[in-house]
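In: Sharing a sequence plus its predicted fold:
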Amino acid sequence: MKTNLKSIVSLVALVVLVSACKLGTSKEDDPTPSGNSNSFAATVDGQSWKATTAAGGVAVVGGLLTIAGKIDDANEISIQMVGKDIQTGVDYLFEIPANETNKNANLAFKRQNSPLFAKSGKVRFSTFTNKKIEGTFDAQVTDFLNANAVIQSGTFVINL
């Protein structure tokens with residue numbers, strides 16, 4: 001029952017976060033005019049996974065950060081966390097270690113419309129400004145029943 005509740009709460013949070021975030025970029029806000037496109041890619045179970053659309057931002061209400069990459073409506077990866085006091089070079093874990101709840105994040109992976117959630121892994125930001133979010137991630141994901149996947153060498157660049 002706890003696992004189902006955790007999955008439902010995570011899925012609802014994902015939907016709320018994605019719908020509340022700023023999507024897309026504009027030439028005026030782009031800190032790197034020569035490379036103004038967003039990117040989101042990883043290796044999933046040994047296979048290349050590259051989003052055709054990537055977006056992200058921090059929601060005005062609640063300050064929640066969402067970064068998402070999407071191939072199509074049935075296949076996407078999103079990372080969510082509180083967007084306050086984020087530091088570069090720090091590992092934010094997809095689990096909650098004792099006494100470090102301020103350093104945790106969530107990752108959801110939708111594969112063929114089946115959601116999987118991170119049970120371990122991390123995200124690390126190399127750039128986090130009001131103009132650009134860039135970093136790396138990896139995770140082990142599961143549906144807590146029988147489906148699992150390994151996400152490695154994940155990268156994202158989001159121009160705000």
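Out: Arrived safely, thanks for sending.
In: which stretches of this protein form strands?
Out: Under the criterion DSSP state E, the chain contains strands at 39-44, 47-50, 53-58, 64-72, 75-82, 91-93, 106-111, 114-128, 132-142, 148-159.
In: Walk me through which strands the longest one pairs with, and which way each runs.
Out: When you say that, I think you mean strand 114-128. Strands that pair with strand 114-128, judged by DSSP bridges, come out as strand 91-93 (antiparallel), strand 106-111 (antiparallel), strand 132-142 (antiparallel).
In: want to throw those into JSON lines with distance to residue 52?
Out: From N, CA and C alone the C-beta is placed, and that goes for glycine too. Formatted as JSON lines, the strands paired with strand 114-128 follow (distance: least, Cβ to Cβ, whole Å):
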{"stretch": "strand 91-93", "distance to residue 52": "26"}
{"stretch": "strand 106-111", "distance to residue 52": "14"}
{"stretch": "strand 132-142", "distance to residue 52": "19"}
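In: which stretch in these is the model least sure about?
Out: Confidence, taken as mean pLDDT, is least for strand 91-93 of these (a mean of 91).
In: what does that strand contact?
Out: 81, 86, 100, 103, 104, 105, 120, 121, 122, 123, 124, 125 (Cβ atoms under 8 Å, 6 or more residues apart in numbering).
In: which of those residues tops the neighbour count?
Out: Within these, neighbour counts (other Cβ atoms under 10 Å) peak at residue 123, which reaches 27 neighbours.
In: Now that one: closest residue in space, sequence neighbours ignored.
Out: Spatial nearest neighbour of residue 123, excluding adjacent residues (Cβ to Cβ, 6 or more residues apart in numbering): residue 137 at 4.2 Å.
In: Tell me, how many residues neighbour residue 84?
Out: Counted with other Cβ under 10 Å, residue 84 comes out at 11.
In: Isn't it up against residue 63?
Out: Yes. Assessed by Cβ atoms under 8 Å, residue 84 is found in contact with residue 63 at 5.2 Å.
In: ok, what's across the strand from the residue nearest the centre of the chain?
Out: The chain has residue 79 as the residue nearest its centroid, 1.7 Å off, counting by Cα atoms, centre = their mean. Counting by DSSP bridges, residue 79 is bridged to residue 67, residue 107.
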